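my questions concern the predicted model and sequence given below.
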Amino acid sequence: MKAYVIVQEIVNDQAMFDLYRKDVPATVTAFGGQFIVRGGNLTIVEGEWPFQRTVIIEFPSRDAAEAWYKSPAYQKLLPLRLKSSDGNLVIVDGPA
């Protein structure tokens, strides 16, 4: 079953965040992941959405998504994201 990493972010330090963004794709593809949404324009249709960016990454399985997040390559980049932005990251299973 596919799994998705969903990230909502407010970027506070664009230069530092750009360093993070530059190297993340290689860590994602190493685990079979692909970006479905990576930023882009959004329209709030209902409710409130305080986040500037939304990212959705599809992985072939929950195990692959969790392995990506815990991987040494991603863990090396993670402090850049945490220092340069505020937000949420979840892993959710795809439809059965």
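On my side now, so go ahead.

ok, which stretches of this structure are helices?
14-29, 62-70, 72-84 (DSSP state H).

what's the angle from the longest one to helix 72-84?
Helix 14-29 runs at 150 degrees relative to helix 72-84, counting by axes from the mean of the first three to the mean of the last three CA atoms, to 10 degrees.

heads up, I number from 52, so please use that
Right, with 52 as the first residue, what we last looked at is helix 65-80.

run through who's touching helix 65-80.
The contact list for helix 65-80, computed with CB atoms under 8 Å, 6 or more residues apart in numbering, reads 62, 85-86, 108, 119, 122, 124-125, 128, 131-132, 134-136. For glycine as for every other residue, the C-beta is placed from the backbone atoms N, C-alpha and C.

out of these, who's nearest residue 145?
Residue 145 has its nearest neighbour among the contacts of helix 65-80 in residue 108, at 11.8 Å by CB to CB.

check contacts around the closest residue to the closest one other than its chain neighbours.
Distance criterion CB to CB, 6 or more residues apart in numbering; nearest residue to residue 108, sequence neighbours excluded, is residue 56 at 4.3 Å. Under the criterion of CB under 8 Å, 6+ apart, the contact list for residue 56 reads 84, 106, 107, 108, 110, 116, 119, 120, 140, 141, 142.

roughly how far does residue 56 sit from residue 115?
10 Å (CB to CB, to the nearest Å).

bridged to the residue nearest to residue 108, which residues?
Counting by DSSP bridges, residue 56 forms beta bridges with residue 108, residue 142.

and for residue 136?
Beta-bridge pairing of residue 136 under DSSP bridges involves residue 62.

isn't it up against residue 63?
Yes: counting by CB atoms under 8 Å, residue 136 touches residue 63, with 6.0 Å between them.

the residue lying closest to residue 84 once chain neighbours are set aside: neighbouring residues, count only.
With CB to CB, 6+ apart as the criterion, residue 84 has its nearest non-adjacent residue at 4.6 Å, and that residue is residue 110. For residue 110, the count of nearby residues is 23 (other CB atoms under 10 Å).

no more questions from me, cheers.
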